[in-house]
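*Asks:* Prediction below, plus the sequence it came from.
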Amino acid sequence: MSEQPPAAPEPQHSSWEAHAAYAAYSAQTGAPPPPAKKTAAIWALVLSILPGVITWAIALVLIVKVLTQPKDGRQNGRGLAIAALTVIGGWIVVIIAIVAVVLAAEPDRDSTGAVKEEGTVVVTGLRVGDCLPETPGSEAQTTVTVIPCDSPHVQEVYANFDVPESTSSQDDIDRLAEGGCIERFPAFAQMAYDESVLEVVYLRPLGSSLAVDNGVTCMVSEGPATTGTLKNARR
């Protein structure tokens with residue numbers, strides 16, 4: 001009878017290999033989501049950086065939501081909310097400074113409202129009869145320079161009107177602005193626009209600011225510098 005080798009001992013599993021809790025932990029992926037209050041604070045900070053009344057209003061709602069909720073010992077985004085509030089405050093200071101500078105540089109006008117000396121006005125403050133030394137650029141305009149119309153100038157304001165605040169797109173704003181200026185041209189120049197050698201340029205609001213400003217300013221030019229008004233030009 002042959003001698004049988006002793007049976008191999010059963011393998012012993014180390015405790016960490018069989019620890020179900022460890023296995024469950026190792027299967028987790030990613031970090032837990034941040035608390036809802038911190039998420040709101042992050043959004044408030046992002047929106048506060050973007051210039052715009054609507055974005056600031058939404059940011060303020062989120063800031064109030066974060067700051068008025070009780071502390072629970074966790075990171076709740078209060079620091080981010082305070083930072084967002086500081087950014088909005090900074091924007092307001094900048095706007096006030098710009099307005100102050102513009103008001104200080106406003107042109108002198110006579111009793112009829114005509115410009116007597118060169119000055120700067122916000123685009124929403126342009127009046128019929130104001131004259132500009134140059135054509136405004138295609139980029140967004142905040143202020144423009146005006147001069148007396150008896151000085152050589154390039155543009156003359158001949159009409160102001162509003163587009164509906166409910167206008168849905170920038171294309172519609174542009175269409176209404178151009179159509180409105182052309183419609184008002186004959187009353188100024190005493191000639192239909194398609195028969196005139198004069199050129200119409202207009203300033204119109206951007207869709208993002210339509211709730212704040214929905215005004216259109218129509219201007220007329222004959223190309224080179226003009227002295228005097230083009231009203232009743234008939235050309």
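*Replies:* Okay, I see it. All values derive from a computational prediction rather than experimental measurement. Numbering: from 1, shown residues only.
*Asks:* The longest helix seen in the chain: which residues count as buried?
*Replies:* Using DSSP state H, we find that the single longest helix of the chain is helix 78-104. By neighbour count with 16 or more other C-beta atoms under 10 Å, helix 78-104 contains the buried residues 78, 80-82, 84-85, 87-88, 102. C-beta: built from backbone N, CA, C; applies to glycine.
*Asks:* Just the pLDDT for Pro9.
*Replies:* pLDDT, Pro9: 55.
*Asks:* Please read the previous query as pertaining to Pro205.
*Replies:* So Pro205 comes in at 89 (pLDDT).
*Asks:* Identify the residues contacting it.
*Replies:* 163, 173, 213-216 (C-beta atoms under 8 Å, 6 or more residues apart in numbering).
*Asks:* nearest spatial neighbour of Ala83, skipping sequence neighbours?
*Replies:* Excluding the flanking residues, the one nearest Ala83 by C-beta to C-beta, 6 or more residues apart in numbering is Leu45, at 5.8 Å.
*Asks:* follow-up on the earlier one: from the contact counts, what lies against the longest helix of the chain?
*Replies:* The contact analysis (3 or more C-beta pairs under 8 Å, 6 or more residues apart in numbering; DSSP states H and E) places helix 78-104 against helix 36-49, helix 53-68, strand 119-122.
*Asks:* Pull the number of nearby residues for the closest residue to Leu85 other than its chain neighbours.
*Replies:* Excluding the flanking residues, the one nearest Leu85 by C-beta to C-beta, 6+ apart is Ile63, at 5.4 Å. Counted with other C-beta atoms under 10 Å, the neighbours of Ile63 add up to 27.
*Asks:* Same check on Glu139?
*Replies:* 5.
*Asks:* swap in Arg234?
*Replies:* A total of 9 residues lie near Arg234 under the criterion other C-beta under 10 Å.
*Asks:* Verify the stated contact: it with Phe188.
*Replies:* No: the pair Arg234 / Phe188 is not scored as a contact, 10.7 Å apart, by C-beta atoms under 8 Å.
*Asks:* how far away is the residue nearest to Ala83 from Ile95?
*Replies:* 19 Å (C-beta to C-beta, to the nearest Å).
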